[in-house]
Structure formats: structure tokens, C-alpha cells
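Chemist: Here is my input; please provide its structure:
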Amino acid sequence: MSAEYGRIPEPFRARYCPLVDDEEAFLSSLGRRLPKSFRVNTLKSSPAAVAERFLVYGIGITPVPWYDDAFVCDNPDAGFSLEHFTGAIYMQELVSMLPPLLIRDILPDARMVLDGCAAPGSKTTQLAALMGNRGTLIANDVSYSRIRALKFNLEKAGALNTVITNRDLCAFTNMQFDAVLLDAPCSAEGTIRKNWEVFDTWSAREVQKYARIQKQLIVKAFDLLAPGGSMVYSTCTFAPEENEAVVDELLKMRPDARLEPITFPGLKASGTVAAWDGVKFSPEVSKAVRIWPHHNDTGGFFLAKVKK
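Modeler: Next up is the predicted model:
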């Protein structure tokens, strides 16, 4: 058992252990480092070509069953490879790849797509690849300091259909997008396996702060969606206040919003929380999914797909 196991704050345990199917497996998984993973950037290469090169390097890679472009590798040197340097691969945590996949069926023909909180660009570059560099992809982020990393990653990936904007999404110009990705800023509890320092600032108050922001963001993101369009709301946190409660707020504020079921063949996803802190959520919220770290050896994640 990891030494980090004993450092998990008691309030954190009390909050989330009742939500999981296996308390010991959940807590133990948080103390283990994430496996290294990457996504092939199909704007520059192919899974077959990358697999051939890594065979030459002697770096073992394992295909991910639910995404043909993704691999888990047994050697951190993958991040120092020529493929990484030239943008043929993107080192990315597995669950971070999930949100764009929920809308990949409409991306090749989409005219306008918005990544509302884009920096540093892992999902933006993935969207550009899934769009085949066609259409227009708006990569927006409120943080000017993070735009530099976003610009670098887009250029490295060869994303040519992308325009960067530096705006507060809540004040974004009223436009209509075929697809919107809102990977919202959050308390990041699901990233503990790669960033144990999350616990340094973690508190219920911090969770509430993010929840207030997310409720504003999700309503605005939905308003930017064209009729018939699809939106993905995602976070890397376990907090129901930042997940189910935010989606529930959207359903209350925008009656024309409806959720669609989510499945990833080959990936274990769990149901949502039906109620929290005395508040029952709309049954529609149950169409969203949670990804717990101990089920797939990943980080933690929440995803909801919304149709207008």
C-alpha cells in the first residue's frame, strides 16, 4: 500500500468513500502514480506509424481499447521521443481524452466549434485532429498567462483551423456553435494521482467557489449552442456540487436542454449521484457518467453530453 494512503485527509475520506463501490481500492488508487499515456496526433501521423517507431525505440506501448489513437506506455522516455518533439504524439492523461470523443461524430462536418476553457490545449488539439483541420475551432481561455501554452501546443500539433480568444466565457460574444466543449475549471480532485499538492488547497469552501463559477459557465455555454447542437460538460473532480449539481442547474435554467446517454465500450463508467446535501437532482442527470480512478487505472472524471 502506498505511503500516500495515510496522508489522505479525513474530511476527504468521509465525503467521497460513501460514493464508491470499493472504499479501499479507491483510496489505495489515489496513492499510485498514473501510467504514462499519449494520443497520436492524426494531423501529423497515424497509430500504425507511431507503433512502428516505438518498436524501434524499444518502448513498449499498449493500445487503449476504447480509443484507437491512444496508447499506454511502459517508459517515461516517450515524452522525450522525436514524435513528441515534432507533435506527432501528445502526452495526455487518458480520461482527458474522453470529452472530445463524445462529439466526434459531428466534428468532421461542423462549421463552428467552441472550446470554452481551452488552455493549455490538450483537448483543443484533439478537437482539431477530429475535425481534420476543417471548419473553425475557437479556442478560448480567460487566463492570458495560459494562452502562451495554448498557442505553443496548437502550433506544435499543426492545428490550422483554430482561432485563439482571451475572454471571460460569460461575456463571450453571442454566436452560434455546432458543438461546444466546456471542460470547466474545477477543484481538480481527480488529478490527485499526478498532483498530490491538490490537498494543500483542498476544502469544501474551495469546491463551493468553483461550483458558483461553473453554474454561470454552463448556462452561457449552452446559450452559445446552435439549435440541434451538442455540448459536453466535463470536470476532473469528484465533487457533486461541481458535477451533478451544475448539470441540474442547467436543466432548471434552460428547459430546452436535454441530456444524452454516454457509453465508452471497453471503459468502465459509473452512475451519477442522485442526491447530495439534502438536494435531489433531476432524473435526467443520471445520463451523465463518473470515471473513478480505481476502475480503469486513470484519474477521476465527470462527463455530461447535452443536446439543444
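
Chemist: buried sites along the top strand by length along the chain?
Modeler: Longest strand of the chain, by residue count under DSSP state E: strand 225-235. Neighbour-count burial for strand 225-235, counted by 16 or more other CB atoms under 10 Å, picks out 225-226, 229-235. Bear in mind the C-beta positions are built from the backbone N, C-alpha and C, glycine included.

Chemist: tell me the SS of residue 180?
Modeler: Of the three states, residue 180 takes strand under DSSP: H, G, I helix; E, B strand; the rest coil.

Chemist: So what sits opposite it in the bridge?
Modeler: Beta-bridge pairing of residue 180, defined through DSSP bridges, involves residue 114, residue 231.

Chemist: Strands along this structure, start to end?
Modeler: Ranges of strands in the chain, per DSSP E, are 36-40, 61-64, 67-73, 89-91, 112-115, 136-140, 162-165, 177-183, 225-235, 258-260, 275-276, 279-280, 289-291, 301-307.

Chemist: Looking at the ones you listed, which is nearest to residue 248?
Modeler: Closest approach to residue 248 among those (CB to CB): strand 279-280, 8.0 Å.

Chemist: How about residues contacting that closest one?
Modeler: Here strand 279-280 makes contact (CB atoms under 8 Å, 6 or more residues apart in numbering) with 245, 274.

Chemist: How far does stretch 278-287 sit from its chain's centre?
Modeler: From the chain centre to the centre of stretch 278-287 is a distance of 21 Å (CA atoms, centre = their mean, to the nearest Å).

Chemist: Could you pull up the mean pLDDT of stretch 117-134?
Modeler: Stretch 117-134 carries an average pLDDT of 98.

Chemist: tell me how far the ends of it are from each other?
Modeler: Start-to-end span of stretch 117-134 (CA to CA, to the nearest Å) is 21 Å.

Chemist: Tell me who's in contact with residue 41.
Modeler: 87-90, 125, 129, 157-158.

Chemist: what about residue 198, neighbour count?
Modeler: By other CB atoms under 10 Å, the residues close to residue 198 number 20.

Chemist: Touching, it and residue 206? I think so.
Modeler: No - the pair residue 198 and residue 206 does not pass the contact test of CB atoms under 8 Å, sitting 9.8 Å apart.

Chemist: Could you tell me which residues touch both of those two?
Modeler: With CB under 8 Å, 6+ apart, residue 198 and residue 206 have common neighbours residue 187.

Chemist: Could you tell me how far stretch 100-112 lies from the centre of the chain?
Modeler: Here the centre of stretch 100-112 is set off from its chain's centre by 16 Å, with CA atoms, centre = their mean.

Chemist: in it, what counts as buried?
Modeler: Those would be 100-103, 106-107, 110, 112, for stretch 100-112 by 16+ other CB under 10 Å.

Chemist: just to revisit the earlier point, relative to residue 175, which of the buried residues of strand 225-235 is nearest.
Modeler: Of all the buried residues of strand 225-235, residue 175 sits closest to residue 226, with 8.9 Å by CB to CB.

Chemist: where along the stretch 201-308 of the chain do the helices fall?
Modeler: 204-223, 244-253, 293-296 (DSSP state H, counting those that start in this stretch).

Chemist: With only the CA atoms kept, save the last one in PDB.
Modeler: Backbone C-alpha positions of helix 293-296 (Å, rounded to 0.1, in the frame of the first residue of the first chain) are rendered in PDB as follows:
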ATOM      1  CA  PRO A 293      -9.600   6.100 -10.600                       C
ATOM      2  CA  HIS A 294      -9.700   2.500  -9.300                       C
ATOM      3  CA  HIS A 295     -11.900   1.200 -12.100                       C
ATOM      4  CA  ASN A 296      -9.700   1.900 -15.100                       C
END
